[in-house]
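Novice: build me a model from this:
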Amino acid sequence: MLSCLLAAYSYPLTNIAGYIAKTNSSLSKKNNMTTKKQIGIWMDHSAAHLMELTNDVITTNIIESEFTHKVKEDSLNKSENLMHNKEQHLQHSYYKKIGEAIKDHQQVVLFGPTDAKTELFNLLKEDHHFENIEIDVEDTDKMTENQQHAFVKAHFQA
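Specialist: The predicted structure follows:
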């Protein structure tokens, strides 16, 4: 008799535990689906500060252009044409690295004091890999790291 009672009580408990597990799993999937991957990029022609926003925490990475002042001087000493070709090649490589970092995000804000953000935006617009990504471009001055983080948080909370 006791084993029958235990069997009768264990079945509903198993069902309840299964229901709770399924509910938690579906809630976790739902939260993952609604969380957008967001990244803010403060950039100029020499460096890009990539700030990924996840649960109100910012993780920063920096991508630097290989077209440095020394490279410019070395190629300019050989010829101005060579310097411009080298600059275009290295800038394209720099923008491509940034584009690779953006690909798995849904929302992006490009900001900074130079035209670099607009140049990158125009390249991204032409590439169909970025057509489903919401990209905003904002003009800003030079900023400290804390100002950049505050800007990114404010942009995505708006």
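Novice: break the chain down into its domains, please.
Specialist: Using automatic domain parsing, the domain ranges for the chain come out as 1-34, 35-157.
Novice: comparing those domains by mean pLDDT, which bottoms out?
Specialist: Lowest mean pLDDT of those: domain 1-34, a mean of 46.
Novice: secondary structure element holding the residue nearest to residue 149 when sequence neighbours are not counted?
Specialist: Closest residue to residue 149 apart from its sequence neighbours, by CB to CB, 6 or more residues apart in numbering: residue 58 at 5.0 Å. Every residue, glycine included, has its C-beta placed from N, CA and C. In this assignment (DSSP states H and E), residue 58 forms part of strand 57-64.
Novice: so residue 100 sits in a strand?
Specialist: No: Residue 100 is assigned helix when assessed by DSSP: H, G, I helix; E, B strand; the rest coil, not a strand.
Novice: ok, back up a step: could you pull out the buried residues of the strand holding residue 58?
Specialist: For strand 57-64, a neighbour-count test (16 or more other CB atoms under 10 Å) marks 58, 63 as buried.
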